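Visitor: The sequence and its predicted three-dimensional model are supplied below.
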Amino acid sequence: MSAPGPEARRGRETRLLLATIAISVAVLVLLARFRFPEEAGRFASEPAPAPLERLAARATYDELASIMADLERRLAPRLAVLRVQPERAGGSYAVAARMTPDRAVVLLASHETFAPATPRGVAVLARDNARDIAVLSVPEAADAVVTLSVSPLRPGPSYIAVVEATAQGPVIRPVYVGRTDIFQDPRTTSPLLSVAALQQILPRGAAVFSLAGNFLGLALEGGTTATVIPGDILRAAAETARGVEETRGDLGFTVQPLSQGLMQATGAQRGVVISYVHPRGPAVDRVEAGDVVTAIDGTPVTTPAGFQQVVQSRPPGQDAALDVVRRGKRLDVSITVRDATGSPLPPLPDDDPGLVMRHVPDLGAEIVTVRPGGSAARAGLLTGDIILRVDGRDAPSPASLLAAYRQAERALLLSVQRGAEHRVFALEK
């Protein structure tokens, strides 16, 4: 029997190759059906996807623009823009979503408050410092409540609508989402939503909606991958808020960041520096200005915001154990927490703008502390601002600025450097 010729061998090899490809494709299809049963069922039962909820990445600009315009018209009555202080990294404004006819929710950190220009009828009803949720009392409007999403976002790519707060009001824009996941977070007993946006930033505090206009939640942590507090958690917070006056802990002193120069002067490598001790507070004779607090009850503190969050979470009457560095020596200090709402700072004298400053040679005066209730706080000045010019005089020292303020018969015009920006403020008496 003769061996098969070259043509026969090639034909047999071709048939084997085609059979291998067919088997591989069949195996992949079966694996896909087991791995993604929801998607397989959806495509089997839905010949054409809904145009809004499953808008593909190839959507045209005109389609998105039309949807955004419709959403802006529908959502505007359900949202409010409020100015917060101190200023956030992404801006001075926060967006609040109306969850019930007379209550709204907003993301507000424990060290943040609303600026004096808050609209009439809006007040903080309750706060959850662990999740940075604030429930607001707002003028009643029965037909202006956000609609919750009845189902979570699809796990695959899709579009969402993100509402940001600006000085001109809420601004809505589409964001293409690459992936969404549900995960458990220690800050809450309910699952949170992780949204991964592609090449776009979800700012902290932004309101997130589906393209159908359903409220998905508020962005707790911004970035290209954002954590979103779902709308059902926010509505539950709004509905269960008791409306009683909030009780927050206070230790009777203020702090500022630990700069490189202060590290050398104090001998501490981390922590926050005490800048002011209330003369009638619980910290008198226990700590002093210049001390560095490195931990509270074993919890490290590295920023003023972190310090405030730890202190305000402590109930009044409880003793707080502080790790303190004083002129290079480590001390253990115990201070009884008091109620911040019942122990306001004494009013400032008329000739005190409420500023603690340090001199920066050839530059001006750097603000290290802004006292609440002072004219500096009302003007919008923040810790870290550098005052470059006062009423036409360059590089003012702290002493010359205070002297100019005391002698002024009108508001002082300040030129201020804030990070990479330059701004002008009016410091009124």
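Guide: Looks like it came in fine.
Visitor: quick one: residue 264 is in a helix?
Guide: Yes: counting by DSSP: H, G, I helix; E, B strand; the rest coil, one finds residue 264 located in a helix.
Visitor: low pLDDT regions in the stretch 101-250 of the chain?
Guide: Applying pLDDT under 70 to the stretch 101-250 of the chain flags residues 115-118, 129-130, 149-157, 179-199, 221-225, 242-248.
Visitor: try 90
Guide: The model of the stretch 101-250 of the chain has pLDDT under 90 over residues 101-102, 107-134, 137-161, 165-170, 174-205, 210-212, 214, 216-217, 219-250.
Visitor: which residues in the stretch 1-150 of the chain form helices?
Guide: With DSSP state H, counting those that start in this stretch as the criterion, the stretch 1-150 of the chain has helices at 6-35, 37-45, 61-75.
Visitor: hey, least reliable of those by pLDDT?
Guide: Among the helices of the stretch 1-150 of the chain, helix 37-45 has the lowest mean pLDDT, at a mean of 48.
Visitor: Residue 259 and residue 383, how far apart?
Guide: 11 Å (Cβ to Cβ, to the nearest Å). All C-beta spots, glycine's among them, are computed from the backbone N, C-alpha and C.
Visitor: Same check on residue 412?
Guide: On the measure of Cβ to Cβ, residue 412 and residue 383 end up 19 Å apart.
Visitor: rewinding a little: name the residue in residue 259 and residue 383 with the higher neighbour count.
Guide: Per other Cβ atoms under 10 Å, whichever of residue 259 and residue 383 has more neighbours is residue 383, with 18 against 14.
Visitor: For the more buried one, give its distance to residue 291.
Guide: Taking Cβ to Cβ, one finds residue 383 at 18 Å from residue 291.
Visitor: any chance you could map the helices in the stretch 201-350 of the chain?
Guide: Going by DSSP H, counting those that start in this stretch, the stretch 201-350 of the chain shows helices at 231-240, 260-266, 304-312.
Visitor: Can I get the ones you listed in CSV including mean neighbour count?
Guide: Formatted as CSV, these follow (neighbours: other Cβ atoms under 10 Å):
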stretch, mean neighbour count
helix 231-240, 18
helix 260-266, 13
helix 304-312, 20
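Visitor: I figured residue 234 hits residue 99, correct?
Guide: Yes: between residue 234 and residue 99 there is a contact under Cβ atoms under 8 Å: 6.0 Å.
Visitor: Need the overlap of contacts for these two.
Guide: Common neighbours of residue 234 and residue 99, counting by Cβ atoms under 8 Å, 6 or more residues apart in numbering, are residue 105.
Visitor: mind listing what the closest residue to residue 266 other than its chain neighbours touches?
Guide: Excluding the flanking residues, the one nearest residue 266 by Cβ to Cβ, 6 or more residues apart in numbering is residue 292, at 5.0 Å. Going by Cβ under 8 Å, 6+ apart, residue 292 touches 258, 262, 266, 268, 271, 272, 273, 274, 324, 325, 326.
Visitor: can you tell me which of the residues you listed are in strands?
Guide: Secondary structure assignment by DSSP state E places 272, 273, 274, 324, 325, 326 of the contacts of residue 292 in strands.
Visitor: Of those, which is the nearest to residue 311?
Guide: residue 272 (10.7 Å; Cβ to Cβ).
Visitor: so what's the closest one closest to, chain neighbours aside?
Guide: residue 255 (4.0 Å).
Visitor: Next, count neighbours for that neighbour.
Guide: For residue 255, the count of nearby residues is 25 (other Cβ under 10 Å).
Visitor: Tabulate the ones in strands among the contacts of residue 292 in JSON lines, adding columns for distance to residue 357, pLDDT and neighbour count.
Guide: Shown next, in JSON lines, are those (distance: Cβ to Cβ, whole Å; pLDDT from 0 to 100; neighbours: other Cβ atoms under 10 Å):
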{"residue": "272", "distance to residue 357": "18", "pLDDT": "90", "neighbour count": "24"}
{"residue": "273", "distance to residue 357": "14", "pLDDT": "90", "neighbour count": "24"}
{"residue": "274", "distance to residue 357": "16", "pLDDT": "90", "neighbour count": "23"}
{"residue": "324", "distance to residue 357": "24", "pLDDT": "97", "neighbour count": "20"}
{"residue": "325", "distance to residue 357": "23", "pLDDT": "95", "neighbour count": "21"}
{"residue": "326", "distance to residue 357": "23", "pLDDT": "94", "neighbour count": "17"}
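Visitor: Pretty sure residue 136 sits against residue 102.
Guide: No: in this structure residue 136 lies outside contact range of residue 102 using Cβ under 8 Å: 9.4 Å.
Visitor: Which one of these two is surrounded by more residues?
Guide: Between residue 136 and residue 102, residue 136 has the larger neighbour count (other Cβ under 10 Å), namely 26 against 17.
Visitor: list the contacts for the more buried one?
Guide: Neighbour list for residue 136: 96, 103, 104, 105, 106, 122, 123, 124, 125 [criterion: Cβ under 8 Å, 6+ apart].
Visitor: Would you check which pair of these lies furthest apart?
Guide: 105 and 123 (13.6 Å).
Visitor: higher neighbour count, those two?
Guide: The neighbour count for residue 105 versus residue 123, taken as other Cβ under 10 Å, is higher for residue 105 (28 against 11).
Visitor: Grab the nearest non-local neighbour of that one.
Guide: Residue 105 sits nearest to residue 234 (Cβ to Cβ, 6+ apart), 4.6 Å away.
Visitor: likewise residue 288?
Guide: In space, residue 288 is closest to residue 277, 6.3 Å off (Cβ to Cβ, 6+ apart).
Visitor: What about the one you found, how many residues nearby?
Guide: Neighbours around residue 277, by other Cβ under 10 Å: 19.
Visitor: what's the pLDDT at it?
Guide: At residue 277, the model reports a pLDDT of 85.
Visitor: hang on, it packs against residue 252?
Guide: Yes: the criterion here is Cβ under 8 Å, and residue 277 meets it with residue 252 at 6.8 Å.
Visitor: Which neighbours do those two have in common?
Guide: 283, 284.
Visitor: still on that earlier bit, so who does the residue nearest to residue 288 touch?
Guide: By Cβ under 8 Å, 6+ apart, residue 277 lies in contact with 252, 253, 283, 284, 287, 288, 289.
Visitor: right, and out of the residues you listed, which lies closest to residue 204?
Guide: Using Cβ to Cβ, the contacts of residue 277 come closest to residue 204 at residue 253, 28.2 Å.
Visitor: Tell me how far residue 138 lies from residue 77.
Guide: Separation of residue 138 from residue 77 (Cβ to Cβ) stands at 12 Å.
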